[in-house]
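Undergrad: need a 3D model of the following:
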Amino acid sequence: MAGGRPLTKIDWEEFDKLCHIQCLQSEIAEWFGCTDDTIQAAVLREKGMGFSEYYEQKRGQGKISLRRLQWQTMQKGNVTMLIWLGKQYLNQSDKTEFDFKKATKEQLTAALLEKDATLGDSGASGNSDPKPKSKSQGV
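TA: So this is what the prediction gives:
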């Protein structure tokens, strides 16, 4: 038997699960009670590749599981998840940016008409003061 420390026992099924849930190399090392260097050496010895390459393979499987759960949550009617997925995959956002410097006259007119429509009757009443009157002002 060669001298030196005994090899750290790595449960590869457990190791893969830690990669799936995006644990850092240092967290995986802590889980197995060893150092980052020991993890790196074990992956190289047992899997024939560096930690980063192996981690990316296993991490990808975790991402797939996460995505599947997100879709299932969305399909059950979770509005927050619907909004989030729309932002991620459909380029939807909470705000619309309008570049007034590049807008045509027609675009500016349409934007102003749309803004007027959202104001409703408050803009048509002739009341240009948007601040409500306080009780001390005789309301």
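
Undergrad: if I look at residue 54, how far off is residue 25?
TA: Distance of residue 54 to residue 25, given as C-beta to C-beta, to the nearest Å: 10 Å. Bear in mind the C-beta positions are built from the backbone N, C-alpha and C, glycine included.

Undergrad: okay, those two: which has more neighbours?
TA: Ranked by neighbour count (other C-beta atoms under 10 Å), residue 54 and residue 25 place residue 54 first, with 21 against 18.

Undergrad: mean confidence for the helix or strand encompassing that one?
TA: Here residue 54, judged by DSSP states H and E, is contained in helix 51-75. Helix 51-75 carries an average pLDDT of 90.

Undergrad: do I have it right that residue 10 meets residue 32?
TA: Yes - the pair residue 10 / residue 32 is scored as a contact, 6.1 Å apart, by C-beta atoms under 8 Å.

Undergrad: overlap in contacts, these two.
TA: Residues touching both residue 10 and residue 32 (C-beta atoms under 8 Å, 6 or more residues apart in numbering): residue 39.

Undergrad: can you list contacts of the helix holding residue 54?
TA: 15-16, 19-22, 25, 39-40, 43-44, 47, 81-82, 84-85.

Undergrad: now do the helices in the chain.
TA: Here the chain has its helices, by DSSP state H, at 12-20, 25-32, 36-47, 51-75, 79-89, 105-119, 121-124.

Undergrad: using JSON lines, lay out the ones you listed together with distance to residue 96.
TA: Compiled in JSON lines, the helices of the chain are given as follows (distance: least, C-beta to C-beta, whole Å):
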{"stretch": "helix 12-20", "distance to residue 96": "38"}
{"stretch": "helix 25-32", "distance to residue 96": "41"}
{"stretch": "helix 36-47", "distance to residue 96": "46"}
{"stretch": "helix 51-75", "distance to residue 96": "23"}
{"stretch": "helix 79-89", "distance to residue 96": "13"}
{"stretch": "helix 105-119", "distance to residue 96": "10"}
{"stretch": "helix 121-124", "distance to residue 96": "20"}
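
Undergrad: any low-confidence regions in this protein?
TA: The chain contains residues with pLDDT under 70 at 1-3, 120-139.

Undergrad: again, 90 this time
TA: Scanning the chain for pLDDT under 90 picks out 1-8, 60-71, 73-74, 77-139.
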